[in-house]
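Colleague: Show me how the following folds:
(4 chains)
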Protein chains: 2
Amino acid sequence: MRFETSTIKDIAKALGLSTSTVSRALRDRYEISEETKKLVLAYAGKVNYRANPIARSLKERRSYSIGIIVSEIANNFFSQVINGIESIAYAKDYHVIISQSHESFAQEKLNVEHLASRSIDGLLIALSSETQDLHYLRDLYSKGLPIVFFDRVPQDFETHKVIANNFKGAFDATEHLILSGKRTIAHLTNSENLSITRERLKGYQAALNKYHIGFNPDLVKYCQHGGMHSEELEQAVKELLPLKPDGIFISSDRLTTGCIMALKKTNPEVANTIAIAGFTNSNLVELFSPSLTSVKQPAFEMGQVATELLISMIEAKRPVTEFETKILDTELVKMIKPKL
Amino acid sequence: MRFETSTIKDIAKALGLSTSTVSRALRDRYEISEETKKLVLAYAGKVNYRANPIARSLKERRSYSIGIIVSEIANNFFSQVINGIESIAYAKDYHVIISQSHESFAQEKLNVEHLASRSIDGLLIALSSETQDLHYLRDLYSKGLPIVFFDRVPQDFETHKVIANNFKGAFDATEHLILSGKRTIAHLTNSENLSITRERLKGYQAALNKYHIGFNPDLVKYCQHGGMHSEELEQAVKELLPLKPDGIFISSDRLTTGCIMALKKTNPEVANTIAIAGFTNSNLVELFSPSLTSVKQPAFEMGQVATELLISMIEAKRPVTEFETKILDTELVKMIKPKL
DNA sequence: TACGTTTTTGGGAACGTTTGCACACTTTTT
DNA sequence: AAAAAGTGTGCAAACGTTCCCAAAAACGTA
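Modeller: This next block holds a predicted model:
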C-alpha cells in the first residue's frame, strides 16, 4: 500500500533506540532487557505497528506463504481441500495463494512459475488433466522449492504425496452397483495420464473380477479435458448408450455431475433407468435427480495432511530425503431411492 | 524461495554494466541505447532472469496484487465472480489473493487486515452477512487503500460498487411464481443488514403489490448466518410450513440450496408441492429435484467490472472523487417441468 | 581500583530493486 | 571555436527489515 504506516525506524526514533534494538524487542529476543521490551511493545501497540511482510520477505528470502494449484475452485472437492489447507496454514502463520489451472497445462505452468517468482515457500499442487511434462516442476524442486502433491500425483517424483484410496473407492462403488443387480457397468473417467484415472480403473476392474463379470474396454470412456467441455461428455454418453449399460461408475467430481447433465439433456428417457455411482464431493448431491451413489473423498483432511507435510519440509533444517505417500479412505454414500 | 536466482546485480557484473543501466534496459526505458538493451535482454533471457517481485514491491511500495474477500469460494456465485476478476487482473498484470470470511465478521476483518499488511494495491470485497461495523474498512480506505464493493455493498460508503439488479431479479422471480398461480408466497432471505436482503425484499413486495396480494411479514424469514448452519434453515422451514405457502422466493445461493435440502429432509412429502424460485448461480441447478426457477446473477461480468473499476482507482494519478454504482441485470431461468 | 564477564545496546551492511542526479561523451547550434 | 543541447551511463540512496559485529553499560571479583 502506498499510504504510510509506522516502521521500526519510526519507533526507534521516537524511543531514542536503535532499529536493531526495536527489531529484537518486537521479536522477543533474549538479548533485550525486559524493560526495553515492555517499552517498545507498548509504543508499538499504541501506534498500531505492523511489520512489513514485504521487507521481511526480502531480508529473510522467504515469504511465509504457500502456493496452491487446483484445476478449479468451483469444484467442491477442491474448495474443501483448500479449506483444509487454510485451517493448518493460518494456524502456523502461513498465508495461502490460490491459483486455478482450469485443467490446462499451459495455465498450470504459468501459475506455478508466477507463484515461484513471488517467493512462495512451498507448493501444494493437484496436476491438471493435461499435464504430462513435469520438467518445470522438477526444475523448481531441484532448486529447493518444497512441493507436495495431492489428489492427482505423478508417479515418478520423489516427494510427499497425499491421495485418497482411489482403488478402494472405485472398488466399493462398482461393487455397490453390482450388488444392486447391475451387470453392464460402464466407466466414465478422466484423462489417462492422471494417477487417479489409473487407480480408479483398477478398482473398477477388481470389482468386476470379484463377481466374475468380464471387462469390456468399450465400456470405458476417457475424457481428456476432465469434463471441462460439455461436448466431450455428450460424445461419451452417446457412444456408451448403444452398449446398453445398466450402471455407470464415474471417476471424478466434474465428470459425475457433467455426465448426469449430459444424460438428462440427450436422453432424458433413460436417465432414470441407469444406476450411477461416482466420485463427487458436491454437498448438493442429495438434491440430484436422478439420485446417485457417491464416493466422497476426505477433502478437508487431505488439505490438512498435505499442508502439514509441506510445512514440515519448509521448516526442515536439513533437506528431507524420506518421503511418504499418505492414503486416506473414501466414504461410500449410497443412493437413497428417489421419492417422487 | 531460498534458492538463488540471478539478479540484476549478477547481470550487471557479467556484462560490465551498472545495475541502474540493467534495470532500465530491462524495463525498456528510452535513455538506454538499443545496443545495450539488446545485450542485456539477451543475457537476461539466457540466464532466465526473473525480477524479484518482493524487492520491487518494497521499492515501489506497491505489490501489483489485489485482495479479494468473499464469504466462500465453494459458493458458485463467488467462484464465478473470482474467475471474472482473474480474467481482468491477469490481463493487466495484477495478481489476486483470495480470502474467505465464511460469513464471519471477525474472520473478514482479520483477513482484510492481513491482506492490507501484505501491501495489496486494492481490495474487492463482498461483505459477510454479519458485518455491520465498517470502521476498519473506512480506516484503510482513508489511508489510501482503494476499495470496490460488489454484491453485498454498504449503503454509506463513498466508493465504486457493482451489484446485480436485485430489485428486478426478485421482482421477476416473485412475479413468475404469481403467474404460475401461487398466492401464498414465502420469502426466505439473508441477514437484514445486507444490502441484497433489503433490495430483494423490495422486489418481492413490489411483485406482490402489482398483483394485489397482501404482504404478510410472517411469511418472511431471515437467516442471520446466511445458511451456514443447517439448523437455522430447518428452523425457518419449520416456522414457514404451518402458514401453508404454495411458493417460496429465496434470496441467495446458499439459502436456496440449503432450503431445498431442509425441505426434503424435514418434510419430503411437501417438497414437491411447493414452487421454488431463488437466487442461485449453481451450474448444477438442472439436476435438482424438486426443480426450481432460478435467478442467475452475471457473476463473471460482475467480477470483471469490479476489477476494472478497482484498477482504475489504483492507477489514477489523482484521488478519485466521482464514484459509480454499476447495476447488472439478472437472468430468470424458468423451471422446466420435471420429467419423471 | 582495576580487571574480566556478562548483559544490553547500537552501527551498518545486506536483501534486490528503482530513480534522482551527476558525469562524460557526442552532436548541434551560434 | 566555444557554448548549448542531447545521449548514454554510473553512483548512491532509498524501501523496511534482520543480523553480524562491536561498543557500552552493569556487575563481580581480586
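
Colleague: is DNA strand C contacted by the helix or strand containing residue A:42?
Modeller: Taking DSSP states H and E as the criterion, residue A:42 maps to helix A:34-46. Yes. Shown here: helix A:34-46 in contact with DNA strand C (CB under 7 Å from any atom of the strand) through A:34, A:35, A:36. For glycine as for every other residue, the C-beta is placed from the backbone atoms N, C-alpha and C.

Colleague: Tell me the one among the residues you listed nearest to residue A:13.
Modeller: residue A:36 (15.2 Å; CB to CB).

Colleague: Apart from its chain neighbours, what residue comes closest to that closest one?
Modeller: Setting aside the residues directly before and after it, residue A:36 is nearest to residue A:25 in space (CB to CB, 6 or more residues apart in numbering or on different chains), at 5.7 Å.

Colleague: Give me the neighbour count for the one you found.
Modeller: Neighbour count of residue A:25, defined by other CB atoms under 10 Å in any protein chain shown: 27.

Colleague: who's in contact with it?
Modeller: Neighbour list for residue A:25: A:17, A:32, A:36, A:37, A:39, A:40, A:41 [criterion: CB atoms under 8 Å, 6 or more residues apart in numbering or on different chains].

Colleague: try 10 Å
Modeller: Each residue near residue A:25 by CB atoms under 10 Å, 6 or more residues apart in numbering or on different chains is listed here: A:8, A:11-12, A:15, A:17, A:31-41, A:43-44.

Colleague: For chain B, see how far away it is.
Modeller: 19 Å (CB to the nearest CB, to the nearest Å).

Colleague: check which helix or strand covers residue A:152.
Modeller: Residue A:152 belongs to no helix or strand, assigned by DSSP H and E.

Colleague: In terms of pLDDT, where does it sit?
Modeller: pLDDT, residue A:152: 94.

Colleague: Might you report the residue contacts of it?
Modeller: The contact partners of residue A:152, by CB under 10 Å, 6+ apart, come to A:70-71, A:125-129, A:131, A:161, A:163, A:190-191, A:193-197, A:226, A:252.

Colleague: do you know how far the closest residue to residue A:205 other than its chain neighbours is from DNA strand C?
Modeller: Counting by CB to CB, 6+ apart, residue A:215 is the residue found nearest to residue A:205 once chain neighbours are left out, at 5.5 Å. Residue A:215 sits 55 Å away from DNA strand C, going by CB to the nearest atom of the strand, to the nearest Å.

Colleague: Repeat that for residue A:61.
Modeller: Counting by CB to the nearest atom of the strand, the separation of residue A:61 from DNA strand C is 6 Å.

Colleague: before we move on, back to that, take the residues of helix A:34-46 next to DNA strand C and, keeping just the buried ones, write it as a PyMOL select command.
Modeller: In PyMOL syntax, the buried subset of these is picked out as below (16 or more other CB atoms under 10 Å in any protein chain shown):
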select buried, chain A and resi 36
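
Colleague: so which of the residues of helix A:34-46 next to DNA strand C comes closest to chain B?
Modeller: Distance to chain B, by CB to the nearest CB, is smallest for residue A:36 among those, at 24.5 Å.

Colleague: Please give me every residue in contact with the residue of the stretch 101-250 of chain A found nearest DNA strand D.
Modeller: DNA strand D sits closest to residue A:119 of the stretch 101-250 of chain A, with a gap of 12.9 Å, by CB to the nearest atom of the strand. Applying CB under 10 Å, 6+ apart, we find residue A:119 in contact with A:54, A:57-58, A:60-65, A:67, A:145, B:1-2, B:5, B:52-55.

Colleague: do that again at 7 Å, thanks
Modeller: Residues counted as contacts of residue A:119 (CB atoms under 7 Å, 6 or more residues apart in numbering or on different chains) are A:57, A:62, A:63, B:1, B:54.

Colleague: Residue A:146 now?
Modeller: Residue A:146 makes contact with A:122, A:310, A:313, A:314 under the criterion CB under 7 Å, 6+ apart.

Colleague: switch to 8 Å and redo it
Modeller: Contact analysis of residue A:146 by CB under 8 Å, 6+ apart lists A:121, A:122, A:123, A:159, A:310, A:313, A:314, A:320.

Colleague: Likewise for residue A:287?
Modeller: B:257, B:260, B:261, B:264, B:287, B:288, B:289.

Colleague: and the first one, how far is that from residue B:230?
Modeller: The one in question is residue B:257. Per CB to CB, to the nearest Å, residue B:257 is found 11 Å from residue B:230.

Colleague: and what of the fifth one?
Modeller: Here residue B:287 is placed at a distance of 20 Å from residue B:230 (CB to CB).

Colleague: looking at the sheet around residue A:288, what are its partners?
Modeller: Residue A:288 has these beta-bridge partners by DSSP bridges: residue B:288.

Colleague: all helices for the stretch 151-300 of chain A, in order.
Modeller: For the stretch 151-300 of chain A, the helices defined by DSSP state H, counting those that start in this stretch occupy A:166-179, A:195-210, A:230-240, A:253-266, A:268-271, A:299-315.

Colleague: how about TSV for those, with mean pLDDT, mean neighbour count and distance to residue B:236 added?
Modeller: Output for these, formatted as TSV (pLDDT from 0 to 100; neighbours: other CB atoms under 10 Å in any protein chain shown; distance: least, CB to CB, whole Å):
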stretch	mean pLDDT	mean neighbour count	distance to residue B:236
helix A:166-179	96	22	35
helix A:195-210	96	20	39
helix A:230-240	89	18	35
helix A:253-266	90	23	27
helix A:268-271	85	13	32
helix A:299-315	97	21	27
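
Colleague: List the contacts of the one residue in the stretch 151-300 of chain A that gets nearest to DNA strand C.
Modeller: Per CB to the nearest atom of the strand, the residue of the stretch 151-300 of chain A with the smallest distance to DNA strand C is residue A:159, at 24.9 Å. Neighbour list for residue A:159: A:141, A:146, A:147, A:148, A:149, A:313, A:323 [criterion: CB under 8 Å, 6+ apart].

Colleague: contacting residues around the last one?
Modeller: Right, the one you point to is residue A:323. Neighbour list for residue A:323: A:158, A:159, A:160, A:161 [criterion: CB under 8 Å, 6+ apart].
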